[in-house]
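Peer 1: using only what follows, build the 3D model:
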Amino acid sequence: MIPTARDTAFLLRQGKLIGLADETGWSVAADPINDAAVERLLQLHQGTPGALPLTVLIDKTDLLGMYVQNVPEVAWDIVEFAEKPLTVLYGPGKNLSPVLLNQQTTIAVRRVLQADVQRLINSFGRGLLTLSFEAAALPPAAVELTVGTYGTPATPLRKPRIMRLGVNGELEFIRK
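Peer 2: Reported below is the predicted structural model:
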């Protein structure tokens with residue numbers, strides 16, 4: 001049986017980790033305000049060599065201000081008009097588990113482009129905290145921690161551009 005957005009959102013609210021597939025490949029997703037789920041995701045992150053930063057996935061640009069303390073004015077347009085996957089690193093985050101906020105001084109946010117994952121985020125009612133593997137399959141350590149999967153990986157996978165955006169609009173591309 002294929003899980004629905006509603007069923008998957010229910011699992012996330014219960015503190016479960018799920019395998020999530022979108023335009024960038026597979027990742028593990030958690031409720032960003034559930035301390036226990038965030039702790040498990042951080043442990044997986046620490047045990048993954050060369051892991052990308054934990055990223056908050058949002059379905060629409062309006063959610064940006066919910067997770068970033070100081071959103072530079074230019075950020076709204078950069079995020080809204082990105083036609084390819086784009087992860088933006090900002091300054092301090094907010095409205096996230098203290099477990100995460102105590103460990104990270106910056107917050108990474110990406111607006112997901114795939115419609116089915118947008119529906120999941122909308123059904124969940126807030127962004128998702130993810131550890132992306134940018135791969136066609138979840139690694140075994142991630143599979144062991146998840147209770148199910150949602151979404152379909154794009155073909156071909158599209159690695160996101162990664163940029164750092166300063167409070168005054170300074171930008172630096174980390175990966176083009």
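
Peer 1: what sits against Q114?
Peer 2: Applying C-beta atoms under 8 Å, 6 or more residues apart in numbering, we find Q114 in contact with D22, E23, G151, A154. Quick note: C-beta positions are derived from backbone N, CA and C, even for glycine.

Peer 1: let's go with 10 Å and repeat that
Peer 2: Taking C-beta atoms under 10 Å, 6 or more residues apart in numbering as the criterion, Q114 is in contact with L20, A21, D22, E23, T24, D59, P85, L120, G151, T152, P153, A154.

Peer 1: same question, I58
Peer 2: Per C-beta under 10 Å, 6+ apart, neighbours of I58: 64, 66-67, 79, 109-112, 118, 121, 126-128.

Peer 1: could I get the full set of helices for the protein?
Peer 2: Counting by DSSP state H, the chain has helices at residues 5-13, 35-46, 64-67, 73-80, 98-101, 115-124, 140-145.

Peer 1: which one of the contacts of I58 is nearest to A30?
Peer 2: A30 has its nearest neighbour among these in L128, at 7.1 Å by C-beta to C-beta.

Peer 1: ok, E172 - how many residues close by?
Peer 2: By other C-beta atoms under 10 Å, 10 other residues sit near E172.

Peer 1: isn't V112 up against Y150?
Peer 2: No. Using C-beta atoms under 10 Å, V112 is not in contact with Y150; the gap is 11.8 Å.

Peer 1: my read: R158 touches R110, true?
Peer 2: No. Counting by C-beta under 10 Å, R158 does not reach R110; the two are 11.5 Å apart.

Peer 1: neighbour count for the two, which is higher?
Peer 2: R110 (24 against 15).
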